[in-house]
Each structure stands twice: as structure tokens, then as C-alpha cells.
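# okay, here's the prediction I keep looking at, along with the sequence it came from:
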Amino acid sequence: MKRHLLLGLLALVASPGLARGEVLLPAIIDLVVDGGNTYPWQKVQLPGTKCGNGSQYKFFVHKTGSPNVLFLLEGGGACWDYDTCSGRAGVLGAANPNGIADDYMQQITAKYVSPLVNGADPGLPGRSRTDLVTKGWNIVYLPYCTGDVHVGNNAATYVDQTGANPPLTWHHAGYTNTLAAANYAKTQFPSVQKLLVTGYSAGGAATSSAYYFIRRAINPAKGYLLNDSGPIHLAPNITFDSRPLHDTIRQSWNLNSVFSLLPASFSQGDFGTINRMVAREFPNDQLAYTGYLRDYNYSRFSYERFYSPNDKESVLSHWKKDQDRLVAELNLYPNFSYFIPYERPINASHCSTIITFVGSHACQKMEKKRYPWEYLEWPFVQSYKCYSEFVTMDVFLKRFVNENQRVRIYEPPNGYNAEDPGMSVLAPLLNGALGG
């Protein structure tokens, strides 16, 4: 059991910190018996691409001969000041402030973090390994080192407010890197049947923000967008809760220079219209958002610095308001799915397609048990029950990608995962090892 539980420790450095596997002992890898990939990766370095610190940007390609391509945008925080871009803020800053190593794909994050990349949900004791729809696909893997959700276009200078260090020049070069990788992918995969563009956390935001550019560059027969826990909420004016964040990153990352390239169905004055734009521009594509209603990670980035009080419940109240608006917006477009579980006590309910799919399920009618005899069902401590279909993440992915179904589940508040006896063992082990 220990070997399986350590799987989560290998990559659950909570985003914004998912791309920080270097803090864990390499010896842990020897204890892992499933989950990671051992693919032969091709390192690609293109002229003009760079990380935030100015070093050469590197991304990686795995070829299989499949007609399908998985284009994954890695997550790991964001930055717009000295502390968060320099690395001094730790997990609250941007990933990989020192650039991308040549052996990045052999390191912990890239090797273990994404079941979609690895083609299987690794499973845990009592829960078998499950192959996923992306098994055997070609992969274009974009590490994250620019702090700008892969779409920035600015060289910024950030001053150390403590005066201890000289100003930091930071290259928010995400747009250039992403577009270069997409154009390169077209040369390697000239006739793609299915293209799944996905990412988690910052990579989820990148999935929505960059889908238009990536999809047009690769030009597949069928496109799929899956944004995991990086929602771009509606914010047409300052009365909307995500507007302060949007205004901050608009300036720091020079986003107007990038988003001005989008079609007129996107409004520069409201970043949240990115969802409307992709739905209208690609009406035959399958588009989806997944993330937890109680995500206390991305929500901190969105509101904690901008509002007071900023305790957990206050932050989550902002999140729910924006999430409700997002769901209402996605309901307007027939090609948009959503898969929103309530909470998972792993990684502060952040990201539903990482590490393991344990707890990444959703039920539209998750309710308190209705009848006394239901409390005799195993597990006895569980007071919640699904009275509609209990949809797991691997089933959602199968329906979404292979069967082209629209799936819409917005799970109501419940304590199902919180009361699950297996989760009560797994979550403290994982979170305790990560200091959270």
C-alpha cells in the first residue's frame, strides 16, 4: 500500500506548485510501481523561444504512430511581481523559475502528474489501473516556465520591494512558445484525426486562452478542449469578482497584444468571453471544463490578494459566484460540457485530472441518504448517496472524446468524499507529506 500512496507524493505539490517535483526525494521513484511513463521523448528547442529567466525554452514530443495528438499545457502557478516570478514566494509563485532541464521528462512532475499523458489512471489499493482514451496517442508536452499561463507577451521588470536584490527582468514569453510548439507539431503530425488540447490549473487557463491558436495551427479533423481547473470567468466590469485579477495580468503579461489576434466573437473588455469565442468559432468541436466547486487553490489566486476579508469561506464564496456564472454561460453553447464535482480533500480540491482519479467523480443528485436502511450499506459511515448516475472521470473522458457526447454535471454540496473511509486515509497522508 505504501508504494501506491507515494504515487501521489510524486507530483501533488499543489498547483501553484504542481511543477515542483524537485522538492521530493528522488528515491521515492523507486517505490512507484505504476502511474509513471517511460516514453522515449524528443526534446525540441526552437529559435526565439525562452523561459521567464531568459533561458532556452524546451518542450517534448512523444510519437506513437497514432492518428491522434494530445497537446498538454503544464500547470504551476502564475506571477506578476518580484516575489512570485523570482521563486521567493515558493508554491505561491510561478513554476520552474530557473528554466527547463534537458532531462525534464524524467523528473517527477512530467513523469507522474498526468494520467492523460500516461494513458492510464494508476489506481490505488483496492482500485485497479484503468486505461484511458488517450492511451497510445502522440503527445506534445509543454512545460511551464513563464508564469503567464502560456500566453503572455511581455518582458517585464519587477522590483524587489525589500531592496535586497536588484530588479528582475522576466520574460512572459508564453504566447511565442506555445505558438512555436503548435506550428512545430503541425510539421510532425500533418494529418491529425483527433486533437485534445488540455492542461491543469495554469495549464487549464492556457487551454482555453490558447485553443484558438493551437487548433488553427494543427488543423485536426476533430478538436477537443478540456480545461482542468483553470476557468476564465466572466468579468465585463469591476463589479465582477475576477476583474481585479484580469486587470493585473492584462498589464503584466501584455495580454491585449495577444487577445487582439482573436476573432470578433471575443471581447477584449471581458476575458471570460473566451468560452463564447471558442464555442462559436469551432461549433463542431467538443469543449469542456472540469474542476471542483470547493477549489481552494486557484480561487486563492483569483481573489485572495484583491479582497478583504480573504479567509477560506470568503474566497470560496467569490469562487462559487463566478462558477455559477460560468456554468450559466456554458449552458448557452451546445458543444460545451462541464464536469464539476463538489470537493476532494486532496490538493485543496484543485484539479480533477491529475495524479489519481480517486475522488474525481460527479453525481448530479448526490444527496443525504433518504431511508434508514441505506445506512446499513457499506461504507456504514457514509451519509450521502448518489441518486442519479455516478460518473467517474474515466467514464466522462470516454463519453467526451470517444463518443462525442455532451456531458453536464454540476454536483451539489455534499460530504461524500469527506466521509469516504478510503479518502480519510489517503488524503491526510498526501496532504501531510506536502505540509498542507
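It's in.
# how close does the closest residue to Lys135 other than its chain neighbours get to Gly223?
The shortest distance from Lys135 to any non-neighbouring residue, by CB to CB, 6 or more residues apart in numbering, is to Gly119 (3.4 Å). Quick note: C-beta positions are derived from backbone N, CA and C, even for glycine. Distance check for Gly119 against Gly223: by CB to CB, to the nearest Å, it reads 20 Å.
# who has more neighbours out of the two?
Counted by other CB atoms under 10 Å, Gly119 and Gly223 do not tie: Gly223 has more neighbours, with 22 against 19.
# confirm that one sits in a strand?
Yes: counting by DSSP: H, G, I helix; E, B strand; the rest coil, Gly223 is part of a strand.
# that one against Pro283, yeah?
No: applying CB atoms under 8 Å, one finds Gly223 not in contact with Pro283, separated by 10.8 Å.
# what comes up buried for stretch 408-425?
Within stretch 408-425, the residues scored as buried using 16 or more other CB atoms under 10 Å are Ile409, Tyr410, Glu411, Asn414, Tyr416, Asn417, Ala418, Asp420, Met423.
# restricted to helices, list those.
Per DSSP state H, helices hold the following members of these: Tyr416, Asn417, Ala418, Met423.
# including pLDDT, could these go into TSV?
Supplementary listing: these in TSV, determined by pLDDT from 0 to 100:
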residue	pLDDT
Tyr416	96
Asn417	95
Ala418	94
Met423	86
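# any low-confidence regions in this protein?
Within the chain, the segments meeting pLDDT under 70 span 1-35, 123-127, 429-436.
# so what's the spatially most central residue of the chain bridging to?
For the chain, the residue nearest the mean C-alpha position is Tyr200 (0.9 Å; CA atoms, centre = their mean). Counting by DSSP bridges, Tyr200 is bridged to Asp228.
# let me see the contact set for it.
Ser15, Leu18, Glu74, Gly75, Val113, Ser114, Asp228, Ser229, Gly230, Cys351, Thr353, Ile354 (CB atoms under 8 Å, 6 or more residues apart in numbering).
# try 6 Å
Tyr200 is in contact with Gly75, Asp228, Ser229, Cys351, Ile354, counting by CB atoms under 6 Å, 6 or more residues apart in numbering.
# distance check, it against Val278.
Distance from Tyr200 to Val278, by CB to CB: 18 Å.
# now Val327
Val327 is 16 Å from Val278, by CB to CB.
# higher neighbour count, the two?
Between Val327 and Val278, counted using other CB under 10 Å, the more crowded position is Val278 (29 against 17).
# what does the strand or helix carrying that one rub up against?
Element membership for Val278, per DSSP states H and E: helix 274-281. Residues outside helix 274-281 that contact it (CB under 6 Å, 6+ apart) are Ser208, Tyr211, Ile232, Pro263, Ser265, Phe266, Glu329, Tyr333, Asn335, Phe336.
# setting aside sequence neighbours, what's the nearest residue to Leu168?
Counting by CB to CB, 6+ apart, the residue nearest Leu168 is Tyr158, at 4.7 Å.
# show me the contacts for the one you found.
Applying CB under 6 Å, 6+ apart, the residues near Tyr158 are Asp81, Tyr82, Cys85, Leu168.
# if we go to 8 Å?
Asp81, Tyr82, Cys85, Ser86, Pro167, Leu168, Trp170.
# if any of the residues you listed are buried, give me the ChimeraX selection for them.
Those of the contacts of Tyr158 that count as buried under 16+ other CB under 10 Å are selected in ChimeraX with:
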select :81,82,85,86,168,170
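# just to confirm, which helix or strand has the residue nearest to Trp319 when sequence neighbours are not counted in it?
Of all residues not flanking Trp319 in the chain, Ser299 sits nearest, at 4.0 Å (CB to CB, 6+ apart). If you go by DSSP H and E, Ser299 is part of helix 298-299.
# quick check: next helix or strand after that helix?
Next along the chain after helix 298-299, taking DSSP H and E as the criterion, comes helix 312-330.
# ranges for the strands of the stretch 251-400 of the chain?
286-290, 336-340, 361-362, 366-368, 384-386, 391-392 (DSSP state E, counting those that start in this stretch).
# ok and the second one relative to strand 286-290, angle-wise?
Okay, so that is strand 336-340. 20 degrees (axes from the mean of the first three to the mean of the last three CA atoms, to 10 degrees).
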